[in-house]
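Q: Sequence and predicted structure below; questions after.
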Amino acid sequence: MQNDLQDARGIRRTIIAMFKAFDDMFDLEGVSFGQLVVVPPVLSERQLRQPAGALFNIELTPYKSAFDADVVIAFTGVTDGQVAFMLHEDQATLEAGLIAELIEMPLGEIISRYQLPFSAR
């Protein structure tokens, strides 16, 4: 396990594995720890150029925003099911097609626009 903690990718994998173990221990009635806690991703330069929808499921959540926004949008990793980002937006922006726009937009552009945290590979 110590070797897994030598870089950002290993640390993130360990955190996600811990959340999956918690899911096995506790019954959260259909919710997983990975949906409740945001763990910023570790991304390569190639991934930053890809459309966000290739790497993440981008969906409206049932959560209330702590930042006076109307809606919360989650970016959940396609491969690991872990929430990597959450955006807090107003209803008008959502209705203007924001999710469809985010799915097609290069991930690096989204990260720059919203100043989202991530680690570089």
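A: Now that the structure is in, tell me what you want to look at.
Q: Contact partners for Gln35?
A: By C-beta atoms under 8 Å, 6 or more residues apart in numbering, the residues touching Gln35 are Ala74, Thr76, Val83. C-beta coordinates here come from the backbone N, C-alpha and C atoms, glycine included.
Q: Check the secondary structure at it for me.
A: helix (DSSP: H, G, I helix; E, B strand; the rest coil).
Q: all numbers from here: first residue = 712
A: Sounds good: first residue 712 from here, last item Gln746.
Q: remind me which residues of the chain are low pLDDT?
A: Low-confidence segments of the chain (pLDDT under 70): 712-714.
Q: Tell me how far stretch 801-813 lies from the chain's centre.
A: On the basis of C-alpha atoms, centre = their mean, to the nearest Å, stretch 801-813 sits 17 Å off its chain's mean C-alpha point.
Q: What residues of it count as buried?
A: Buried residues in stretch 801-813, defined by neighbour count with 16 or more other C-beta atoms under 10 Å: Thr804, Leu805, Leu809, Ile810, Leu813.
Q: where's the nearest residue to the second one once chain neighbours are set aside relative to Met797, distance?
A: Looking back up the chat, that one is Leu805. Sequence neighbours aside, Val782 is the residue nearest to Leu805 in space, at 5.2 Å (criterion: C-beta to C-beta, 6 or more residues apart in numbering). Per C-beta to C-beta, to the nearest Å, Val782 is found 10 Å from Met797.
Q: Could you pull out the residues contacting both of these two?
A: With C-beta under 8 Å, 6+ apart, Val782 and Met797 have common neighbours Thr772.
Q: Hmm, Ala719 is touching Ser830, no?
A: Yes: counting by C-beta atoms under 8 Å, Ala719 does reach Ser830; the two are 3.9 Å apart.
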